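Colleague: Just to be clear, the model below is a prediction. Sequence and coordinates:
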Amino acid sequence: MRVLHIGKFFPPHPGGMEVFLADLVRAQRARGIDAAALVHGQPLPDDPAWLMRVPVWGHLVYAPLAPGFRTALAAAIRQFRPDVLHLHLPNTSAFWALLLLPARDLPWVVHWHSDVVVSRIRGALALAYRLYRPFEQAVLDRAERILVTSTPYLEASEPLSRWRDKCRVIPLALDSGRLPEHPGLGSAPSWRRGNFRLLSIGRLTYYKGFETLIRAVSAMPGVELLIVGEGALRPALEKLIGELAAAGIEPNIRLLGGIDDAAKHALLHDCDVFCLASRERTEAFGIVLLEAMRYARPCIVADLPGSGMPW
């Protein structure tokens with residue numbers, strides 16, 4: 001059996017969708033399935049032969065622009081000769097499969113990681129989704145199976161409402177061997193002594209709810225919040241932390257930026273509680289919650305209807 005995955009990115013990109021794809025491909029290959037992946041990004045010297053990356057020229061409303069993806073997909077199908085195409089959505093580049101006859105001759109499995117949420121916070125997404133939706137629905141029409149990551153997400157998803165008979169709920173998982181049981185401190189930032197240690201991890205973007213979390217923790221003496229991740233909102237969040245800090249007192253909240261996996265695992269192991277404050281269903285599952293659970297950390301999440309987080 002040969003499976004060709006069409007994804008957005010692949011580690012070292014830090015997103016949960018990408019981490020899951022990497023774990024999935026490696027697990028399939030360990031079980032004798034000849035799995036390969038076509039994703040965005042610049043090729044890296046240590047990429048395995050089964051991983052193909054297509055350079056990105058820029059982004060438009062969070063979607064990577066990769067004009068070479070169509071050619072790369074055609075070449076991957078011709079060279080790899082897959083039995084199944086496994087399309088990970090949302091991903092505009094997966095739509096090229098609709099226009100390639102060799103792709104249309106194959107059965108498709110769609111992995112539904114998230115709806116494209118018409119954001120209350122980012123109005124540009126509403127217009128972008130009008131252009132995106134016809135292609136999205138065409139892919140779902142063509143798919144043999146649609147894999148959804150939680151029952152609440154399936155029940156709340158309007159884009160999937162026409163295709164419920166094709167949907168199967170399979171929760172996301174991770175390779176626990178990737179997270180050492182007793183990680184060393186290594187390059188991990190140190191916690192301040194005597195504080196209750198609260199950790200959050202995620203891209204610093206509009207739907208993650210970091211503003212809410214920062215405002216809450218800034219008013220809680222004895223609690224220290226460390227936030228791991230980079231993104232466009234970093235300057236605004238730094239300004240908010242400074243505004244909320246009492247005069248002459250060091251803020252109890254730190255933005256750590258991007259850190260390596262060893263440091264992240266050490267922080268997960270040593271924190272008292274992990275928190276994910278995401279406020280839109282763009283946060284469909286939150287695979288970082290599984291990473292926190294790997295270290296038996298209690299998790300606090302937003303009670304977000306239709307998201308897999310509370311589930």
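Modeller: Great, that's in hand.
Colleague: quick one: terminal-to-terminal distance for stretch 141-151?
Modeller: Start-to-end span of stretch 141-151 (CA to CA, to the nearest Å) is 21 Å.
Colleague: typed the wrong thing, it's stretch 29-48
Modeller: Using CA to CA, the two ends of stretch 29-48 sit 12 Å apart.
Colleague: so how far is that stretch off the chain centroid?
Modeller: Remark: stretch 29-48 is offset 18 Å from the chain centroid, using CA atoms, centre = their mean, to the nearest Å.
Colleague: Check stretch 224-243 too.
Modeller: Counting by CA atoms, centre = their mean, stretch 224-243 comes out at 20 Å from the chain centroid.
Colleague: And stretch 48-59, by the same measure?
Modeller: For stretch 48-59, the distance to the chain centre is 17 Å (CA atoms, centre = their mean).
Colleague: Between its first and last residues, what's the separation in that stretch?
Modeller: Its start and end residues considered, stretch 48-59 measures 26 Å (CA to CA).
Colleague: which residues sit against it?
Modeller: Applying CB atoms under 8 Å, 6 or more residues apart in numbering, the contact partners of stretch 48-59 are 10, 25, 29, 34-44, 47, 64-69, 72, 76, 93. Quick note: C-beta positions are derived from backbone N, CA and C, even for glycine.
Colleague: buried subset of those residues?
Modeller: With burial judged by 16 or more other CB atoms under 10 Å, the buried subset of the contacts of stretch 48-59 is 10, 25, 35-41, 64, 66, 69, 72, 76, 93.
Colleague: Now, those residues that are in strands?
Modeller: Ala35, Ala36, Ala37, Leu38, Val39, His40, Pro64 (DSSP state E).
Colleague: Make a markdown table from the residues you listed and add pLDDT and distance to His5 to it.
Modeller: Below are those laid out as a markdown table (pLDDT from 0 to 100; distance: CB to CB, whole Å):
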| residue | pLDDT | distance to His5 |
| --- | --- | --- |
| Ala35 | 97 | 7 |
| Ala36 | 97 | 7 |
| Ala37 | 96 | 4 |
| Leu38 | 96 | 7 |
| Val39 | 94 | 8 |
| His40 | 92 | 13 |
| Pro64 | 77 | 16 |
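Colleague: Return the member of these nearest to Ala245.
Modeller: Pro64 (36.5 Å; CB to CB).
Colleague: beta partners for the closest one?
Modeller: His59 (DSSP bridges).
Colleague: Please report how far it lies from Val39.
Modeller: 10 Å (CB to CB, to the nearest Å).
Colleague: Now do the shared contacts for these two.
Modeller: Lys8, Phe9.
Colleague: Can you name the residues that contact Ser176?
Modeller: Applying CB under 8 Å, 6+ apart, we find Ser176 in contact with Arg294.
Colleague: From His265, how far off is it?
Modeller: Counting by CB to CB, the gap from Ser176 to His265 is 11 Å.
Colleague: ok, now Thr205?
Modeller: Thr205 is 23 Å from His265, by CB to CB.
Colleague: any chance you could map the strands in this protein?
Modeller: Going by DSSP E, the chain shows strands at 2-6, 34-40, 51-54, 58-60, 63-65, 84-89, 108-112, 145-148, 167-169, 196-201, 223-228, 253-257, 273-276, 299-301.
Colleague: can I get the ones you listed in a markdown table with distance to Ala247?
Modeller: Rendered in a markdown table, the data for the strands of the chain read as follows (distance: least, CB to CB, whole Å):
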| stretch | distance to Ala247 |
| --- | --- |
| strand 2-6 | 53 |
| strand 34-40 | 46 |
| strand 51-54 | 49 |
| strand 58-60 | 39 |
| strand 63-65 | 43 |
| strand 84-89 | 48 |
| strand 108-112 | 49 |
| strand 145-148 | 50 |
| strand 167-169 | 51 |
| strand 196-201 | 23 |
| strand 223-228 | 19 |
| strand 253-257 | 16 |
| strand 273-276 | 27 |
| strand 299-301 | 29 |
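Colleague: and those, which one is worst for confidence?
Modeller: Among the strands of the chain, strand 58-60 carries the lowest mean pLDDT, a mean of 69.
Colleague: List just the nearest of the ones in strands among the buried ones among the contacts of stretch 48-59 to Pro82.
Modeller: Once CB to CB is applied, the member of those that ends up nearest Pro82 is Ala36, at 7.4 Å.
Colleague: any idea how far Ala74 is from the closest one?
Modeller: Ala36 is 14 Å from Ala74, by CB to CB.
Colleague: All set, thanks.
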